[in-house]
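Novice: Got a predicted structure plus its sequence, pasted below:
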Amino acid sequence: MKRWVSNWVLVTLIDILVFNGANLVAFLIRFAFRLPPYNLDAFIRLFPFETFSLLVLFYFYGLYDRSASKTSQEVMSSVVTAIIVNTFFATMFSYMMANIGFPRTVFFISAMLQVILFLAWRLMYRSLSLRTAPSVHVMVVGPEKEWPELTIRAGKYLPRIRVHYRLPDDSLSSALWPYIGAVILGNVNQETKSRYFIECMTRNIPCLWKPNTYDLLVAGSELTSLGETPMFSLASIRTRHGSAAVKRLADITVSFFGLVTFFPILLLIGLIILIDSGRPILYRQERITAGGRHFMLVKFRTMVPDAEKTTGPVLAKADDPRITRFGKFLRATHLDELPQLWNILKGDMSLVGPRPERPVFVDQHRRNIAFYELRHLSTPGLTGLAQVAGSYTSTPEEKATYDLAYAKTWSWLKDLSIVIRTIIQIPFKKDQ
């Protein structure tokens, strides 16, 4: 505990130095390495508040969490999101304070410097932490066939682990319990879950398990009463009308400027597709949007023409022979998705939300996945929580769980975080 407190104090102090160092350098750059007294006074009065707000945002995004080990991509996403939000609020605050006497360009220069410096410092700190972190004894409980997958997933978040495997029917008694730092449950029945929940809560040990859609649906429900009977009140997962209207306005703005900005790139990609594999350049496919309405999704063609003529509707696989040479590049960089900005502008899609599915797969998933139709209460998106938190090989059940979790916990900050994580993951994610 003392070691963690001392580390936390040291990390916080370095964060403060990095933040104010970036601000000071930005100030010097803007004023050609001179410090006008009037502007310097404004700098001194404003940045203590901005420093405090950044530390709060870092805490909010889990950058001071001692129990969770973030991946490098999660660290990058959290840092960039916190800096963007903090810069936005600082800029708004400076406009409201008439006596803040320096150009707002200082904020934007500082934000760019902060991204560079904080990413370098925080990734270096993560690397050092992984090397010095003590081993954690992890108990993995589930069918033997799930052990390798659960071990790999545990290793992504707990840097140094010693795994102890147990079958669902094994006895709870074990001499290892005093040393166990976490329990991970695989596909086990409710009775086994209950036994391990009680044991973990009694011993104050973190317990992780994969939730199903029902778990997520009732999570966070408000406890109320009906007479003397305790009851849960199930909250709606629909976006409120005011928030939905503002989200739609943001979608229109981003998609319009995106189409204008990327227009030369869109033309170039279309020309290369024409040279590489001929017509058609665009591919239109029927998908399902909010309310179960059908629409035609538009994207750049990455497969040979009539790719499903002999196979019927099937999902693409790694090294799929139907994918063209240039199509592999477009899929790897997600540039094939750019035409969907038109779908967003029309209102068929949003920038962030569950990915739209094809009718044939929607019919299958409705029969096999509980509460699957609830994902159609949200407008589908160009990217979503399932795309940044899961992987290309995630099962439909796992993706549906992410989609429901997104709808249950929607916020502007979550949308911003998903967009940033999407941008960061494009060059790093290997299984896309």
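Specialist: Done, it's in. Numbers count the residues shown, from 1 in each chain.

Novice: Which stretches in the stretch 201-350 of the chain count as strands?
Specialist: 207-209, 222-226, 229-233, 282-288, 294-300, 350-352 (DSSP state E, counting those that start in this stretch).

Novice: what's the closest of those to residue 26?
Specialist: For residue 26, the closest of these is strand 350-352, at 29.3 Å, according to C-beta to C-beta. C-betas here are computed from N, CA, C, even on glycine.

Novice: element containing residue 120, please.
Specialist: Element membership of residue 120, judged by DSSP states H and E, is helix 105-132.

Novice: I'd like to know which elements whatever helix or strand comes next after that helix is packed against.
Specialist: Scanning forward in sequence from helix 105-132 by DSSP H and E, the next helix or strand is strand 136-141. Here strand 136-141 touches helix 147-157, strand 161-166, strand 180-185, going by 3 or more C-beta pairs under 8 Å, 6 or more residues apart in numbering; DSSP states H and E.

Novice: Would you mind listing the buried residues in the helix or strand that contains residue 193?
Specialist: Using DSSP H and E, residue 193 maps to helix 190-203. Neighbour counts using 16 or more other C-beta atoms under 10 Å place 192, 196, 199-200 of helix 190-203 among the buried residues.

Novice: With pLDDT and distance to residue 181 added, can I get those in CSV?
Specialist: Listed next are those as CSV, based on pLDDT from 0 to 100; distance: C-beta to C-beta, whole Å:
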residue, pLDDT, distance to residue 181
192, 90, 20
196, 92, 14
199, 91, 14
200, 91, 11
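
Novice: quick one: which of those is nearest residue 18?
Specialist: Using C-beta to C-beta, the buried residues of helix 190-203 come closest to residue 18 at residue 200, 37.6 Å.

Novice: hmm, back to that, would TSV of the buried residues of helix 190-203 with distance to residue 115 be doable?
Specialist: Output for these, formatted as TSV (distance: C-beta to C-beta, whole Å):
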residue	distance to residue 115
192	45
196	42
199	44
200	39
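
Novice: Return the residues in contact with residue 134.
Specialist: By C-beta atoms under 8 Å, 6 or more residues apart in numbering, residue 134 lies in contact with residue 160.

Novice: And the protein, what are its domain boundaries?
Specialist: What automatic domain parsing lists as the domains of the chain is 2-132, 136-210, 241-425.

Novice: Residue 230 contacts residue 223, correct?
Specialist: Yes: look at residue 230 against residue 223 with C-beta atoms under 8 Å: they come within range, at 6.4 Å.

Novice: ok, back up a step: residue 120: which of the buried residues of helix 190-203 is nearest?
Specialist: For the buried residues of helix 190-203, the nearest to residue 120 is residue 200 (37.7 Å; C-beta to C-beta).

Novice: contacting residues for that closest one?
Specialist: Applying C-beta under 8 Å, 6+ apart, the residues near residue 200 are 183, 206-207.

Novice: Tell me the one of these nearest residue 422?
Specialist: Closest approach to residue 422 among these (C-beta to C-beta): residue 206, at 28.4 Å.

Novice: quick one: that closest one from residue 179, how far?
Specialist: Going from residue 206 to residue 179 by C-beta to C-beta, to the nearest Å gives 14 Å.

Novice: closest one to residue 216 among the domains of the chain?
Specialist: domain 241-425 (4.8 Å).

Novice: Need the strands of the stretch 201-350 of the chain in JSON lines (columns: mean neighbour count).
Specialist: Output for these, formatted as JSON lines (neighbours: other C-beta atoms under 10 Å):
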{"stretch": "strand 207-209", "mean neighbour count": "17"}
{"stretch": "strand 222-226", "mean neighbour count": "9"}
{"stretch": "strand 229-233", "mean neighbour count": "10"}
{"stretch": "strand 282-288", "mean neighbour count": "16"}
{"stretch": "strand 294-300", "mean neighbour count": "18"}
{"stretch": "strand 350-352", "mean neighbour count": "26"}
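
Novice: Can you check which of those strands gets nearest to residue 327?
Specialist: Nearest of the strands of the stretch 201-350 of the chain (C-beta to C-beta): strand 294-300, 8.2 Å.

Novice: So which elements touch that closest one?
Specialist: If contacts are counted by 3+ C-beta pairs under 8 Å, 6+ apart, strand 294-300 sits against helix 263-277, strand 282-288, helix 340-346.

Novice: tell me the most buried of these?
Specialist: Comparing the helices and strands packed on strand 294-300 by mean neighbour count (mean count of other C-beta atoms under 10 Å), helix 340-346 ranks first with a mean of 20.

Novice: starting at the chain centroid, how far to the helix holding residue 120?
Specialist: Averaging C-alpha positions (C-alpha atoms, centre = their mean, to the nearest Å) puts helix 105-132 19 Å from its chain's average.

Novice: Would you mark the buried spots in it?
Specialist: Quick answer for helix 105-132 (16+ other C-beta under 10 Å): 106-107, 109-111, 113-115, 117-119, 121-122, 125-126.

Novice: so residue 415 makes contact with residue 351?
Specialist: Yes: with contact defined as C-beta under 8 Å, residue 415 and residue 351 form a contacting pair (7.3 Å).

Novice: quick one: stretch 274-289 to chain centroid distance?
Specialist: Worked out by C-alpha atoms, centre = their mean, stretch 274-289 lies 28 Å from the chain centre.

Novice: same thing with stretch 230-237?
Specialist: 26 Å.

Novice: What about the closest residue to residue 320 other than its chain neighbours, how many residues nearby?
Specialist: Closest residue to residue 320 apart from its sequence neighbours, by C-beta to C-beta, 6 or more residues apart in numbering: residue 303 at 7.6 Å. For residue 303, the neighbour count with other C-beta atoms under 10 Å is 17.

Novice: can you pull the contacts of residue 123?
Specialist: Counting by C-beta under 8 Å, 6+ apart, residue 123 has contacts 72, 75-76.

Novice: taking those one by one, which sit in helices?
Specialist: Per DSSP state H, helices hold the following members of these: 72, 75-76.
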